[in-house]
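A.B. asks: From the sequence below, what's the structure:
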Amino acid sequence: MSTPLRIQATGEPRAVIIGAGVGGLAAAIDLASAGVDVTVVERASAPGGKLRQVRVGSALLDAGPTVFTMRDVFAGLFEDAGARLEDHLRLQPVERLARHAWAEGGELDLFADPERSAEAIAAFAGGAEAQRFRAFCARAADIHRTLDRTFMHAQRPSALGLTRRVGVRNLNALRRIRPFTPLWRALGRYFKDPRLRQLYGRYATYCGSSPFQAPATLMLIAHVEGLGVWQLDGGMHQLAQALAGLAERCGARIRYATEARAVTTAGGAVSGVELDGGEHLPAEQVIANADAAAVAEGRLGAQLRGAVPGQPPRQRSQSAITWNWVAETEGFPLHHHSVFFSSDYAAEFDDVFRHGRPPREPTVYICAQDRHDDQPAAGPERLLCLINAPARGDRDPLSDTEIQQCQQRTLALLERCGLRLRPTADEPAVTTPAAFERLFPATGGALYGMASHGWRASFQRPAAATRVPGLYLA
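C.D. replies: Below is the predicted model:
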């Protein structure tokens with residue numbers, strides 16, 4: 001979301017990027033397009049980072065992000081490199097955003113067209129609730145207008161800088177974004193039906209946070225989804241492949257199965273990257289596409305401890321437990337995106353953030369990768385099933401018994417909502433907070449860095465530049 005990173009160098013600038021996640025690939029594209037000599041080192045055998053795939057039997061399944069929004073950001077990245085997004089990815093706009101269900105009863109689809117959603121809400125919860133939904137949409141759009149250019153696209157957001165960019169004449173707009181009001185409380189002013197409050201409270205989990213502690217500004221996510229959601233032919237991992245291909249066409253070199261051991265320094269500034277096998281890659285600039293906590297803890301060299309202000313974070317965002325199944329389904333009519341809500345939302349987030357344990361009754365998200373245009377899959381289909389979990393994978397990993405209990409609770413909630421899964425004989429791919437910690441060190445499995453709890457959290461996220469000259473974060 002920030003403006004492109006500009007590297008200052010004399011002579012022939014060289015940059016090494018550690019990690020071929022989306023942030024690292026975007027930096028590689030920008031820098032290589034500008035004539036910088038770029039090498040990307042990635043310890044995995046494929047690009048994408050969290051935008052990854054897993055294999056179940058002979059099938060490949062998406063195992064990371066499943067929702068593609070803000071298309072213009074990616075289109076701009078391609079255009080800056082002299083390419084067109086449409087020439088590298090086949091995108092299908094989604095009309096039906098998601099299907100939602102509650103064990104106590106009720107099923108609701110939301111649409112990209114807000115008026116279709118209003119009609120669905122009227123049928124689900126009454127005309128008065130539909131009118132309140134329209135008022136909610138207007139406020140979400142207002143928040144987005146206020147923060148889009150002034151905050152989300154700012155290189156280093158700060159409270160003072162945000163006020164300056166908004167301008168004295170528009171201070172009322174800042175007050176309307178309700179930064180001091182928790183999202184859950186703000187939603188209570190719009191929705192009387194507790195199911196709708198729960199549905200829109202889920203937007204806090206898009207950045208790994210609790211709706212009871214995250215600010216009401218996250219209402220803007222509803223507006224972002226209304227601007228467009230797309231499915232990618234071949235799955236979300238195709239985005240990572242397209243970005244990697246574009247980076248290489250721009251001149252970047254990507255070395256897979258190559259792990260960075262440490263960032264080297266000379267005279268207090270970076271001098272390159274030492275690889276696990278002992279090879280040294282000289283560079284004037286190093287971009288770490290890793291969690292900021294990994295840099296701050298010295299995972300890339302003890303001399304980098306303290307390089308990132310405010311790290312490690314005071315409170316990590318949540319982690320997850322995921323199951324990738326190939327299964328036949330019965331009963332509930334799955335959509336590409338389906339959400340099955342727990343009975344007690346407050347208890348669910350208390351479990352994760354206060355007690356540090358998996359929810360006793362989780363909300364369950366399922367991505368049915370083979371479902372398009374609301375058509376049922378023929379035979380076994382590829383499913384990603386996800387529940388929230390605490391980010392304790394580095395200090396108190398979940399036991400096999402706890403993971404099995406989570407699976408039983410997950411399947412029990414789905415059964416109560418009418419969905420039955422009949423997996424094939426192939427073993428599912430299960431990813432726990434400890435597994436996420438191994439994939440993304442120093443996170444404990446947290447998938448979003450620090451939790452967005454309280455109005456200050458967004459201003460406390462680390463900037464691109466660090467305290468070590470030449471070292472940047474993606």
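
A.B. asks: taking the mean pLDDT, what do you get for the helix or strand containing residue 367?
C.D. replies: For residue 367, the enclosing helix or strand under DSSP states H and E is strand 364-368. The pLDDT scores in strand 364-368 average 97.

A.B. asks: Show residues contacting that strand.
C.D. replies: For strand 364-368, the surrounding residues in contact (CB atoms under 8 Å, 6 or more residues apart in numbering) are 62, 66, 329, 334-340, 377, 381-387, 410, 413-414. Every C-beta, even on glycine, is put in place using the N, C-alpha and C of the backbone.

A.B. asks: May I have the strands that pair with it, each with its orientation?
C.D. replies: strand 337-341 (antiparallel), strand 381-389 (antiparallel) (DSSP bridges).

A.B. asks: Of these, which is nearest residue 266?
C.D. replies: strand 381-389 (42.1 Å; CB to CB).

A.B. asks: Output the contacting helices and strands for whichever helix or strand comes after that closest one.
C.D. replies: As assigned by DSSP H and E, the chain's next helix or strand after strand 381-389 is helix 400-416. Applying 3 or more CB pairs under 8 Å, 6 or more residues apart in numbering; DSSP states H and E, we find helix 400-416 packed against strand 319-331, strand 364-368, strand 381-389, strand 419-423.

A.B. asks: Strands of the stretch 201-350 of the chain, start to end?
C.D. replies: Under the criterion DSSP state E, counting those that start in this stretch, the stretch 201-350 of the chain contains strands at 230-232, 253-255, 260-266, 269-275, 280-282, 285-288, 319-331, 337-341.

A.B. asks: and the residue lying closest to residue 424 once chain neighbours are set aside, what is it in contact with?
C.D. replies: Leaving aside its chain neighbours, residue 424 sits nearest to residue 326 (4.9 Å; criterion: CB to CB, 6 or more residues apart in numbering). Contacts for residue 326 were tallied using CB under 8 Å, 6+ apart; they are 56-57, 59, 61, 380-383, 423-424, 426.

A.B. asks: Going by distance to residue 35, which of these wins?
C.D. replies: Nearest to residue 35 out of the contacts of residue 326 is residue 61 (CB to CB; 38.6 Å).

A.B. asks: could you measure that closest one against residue 138, distance?
C.D. replies: 38 Å (CB to CB, to the nearest Å).

A.B. asks: out of these two, which sits in the more crowded spot?
C.D. replies: Shown here are residue 61 and residue 138; by other CB atoms under 10 Å, residue 61 has more neighbours (23 against 12).

A.B. asks: what are the ranges of the helices in the chain?
C.D. replies: Applying DSSP state H to the chain gives helices spanning 22-33, 71-80, 114-125, 127-147, 159-166, 171-176, 183-187, 194-201, 220-226, 237-249, 292-296, 345-349, 400-416, 433-439.

A.B. asks: what helices or strands is the third one leaning on?
C.D. replies: Contacting helix 114-125 under the criterion 3+ CB pairs under 8 Å, 6+ apart are the following elements: strand 107-111, helix 127-147, helix 194-201.

A.B. asks: Check what pLDDT residue 10 gets.
C.D. replies: Turning to residue 10, the model gives it a pLDDT of 46.

A.B. asks: what does the one 10 residues further on give?
C.D. replies: For residue 20, the model assigns a pLDDT of 98.

A.B. asks: now the helices and strands packed on helix 400-416 as a markdown table including distance to residue 105?
C.D. replies: Output for the helices and strands packed on helix 400-416, formatted as a markdown table (distance: least, CB to CB, whole Å):
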| stretch | distance to residue 105 |
| --- | --- |
| strand 319-331 | 15 |
| strand 364-368 | 17 |
| strand 381-389 | 21 |
| strand 419-423 | 14 |
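
A.B. asks: Residue 234 is nearest to which of those?
C.D. replies: Residue 234 sits nearest to strand 381-389 of all these, at 12.0 Å, using CB to CB.

A.B. asks: tilt between the closest one and strand 319-331?
C.D. replies: 140 degrees (axes from the mean of the first three to the mean of the last three CA atoms, to 10 degrees).

A.B. asks: any idea of the angle strand 381-389 forms with strand 419-423?
C.D. replies: Here strand 381-389 runs at 110 degrees with respect to strand 419-423, directions being taken by the same axes, to 10 degrees.

A.B. asks: quick one on the thing from earlier: mean pLDDT for the helices of the chain: which is lowest?
C.D. replies: Mean pLDDT across the helices of the chain is lowest at helix 159-166; the value there is a mean of 49.

A.B. asks: Quick one, grab the pLDDT at residue 452.
C.D. replies: 88.

A.B. asks: With the one 10 residues further on instead?
C.D. replies: What the model reports as pLDDT for residue 462 is 83.

A.B. asks: doesn't residue 307 make contact with it?
C.D. replies: No - assessed by CB atoms under 8 Å, residue 462 is found out of contact with residue 307, at 9.6 Å.

A.B. asks: just the strands of the stretch 201-350 of the chain: most buried one?
C.D. replies: The highest mean neighbour count among the strands of the stretch 201-350 of the chain, using mean count of other CB atoms under 10 Å, belongs to strand 285-288: a mean of 26.

A.B. asks: Give me the sheet partners of that one and which way each runs.
C.D. replies: Strand 285-288 sits in its sheet next to strand 14-18 (parallel), strand 471-473 (parallel), going by DSSP bridges.

A.B. asks: what would these look like in JSON lines with distance to residue 441 and mean neighbour count?
C.D. replies: Listed next are those as JSON lines, based on distance: least, CB to CB, whole Å; neighbours: other CB atoms under 10 Å:
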{"stretch": "strand 14-18", "distance to residue 441": "12", "mean neighbour count": "25"}
{"stretch": "strand 471-473", "distance to residue 441": "15", "mean neighbour count": "22"}
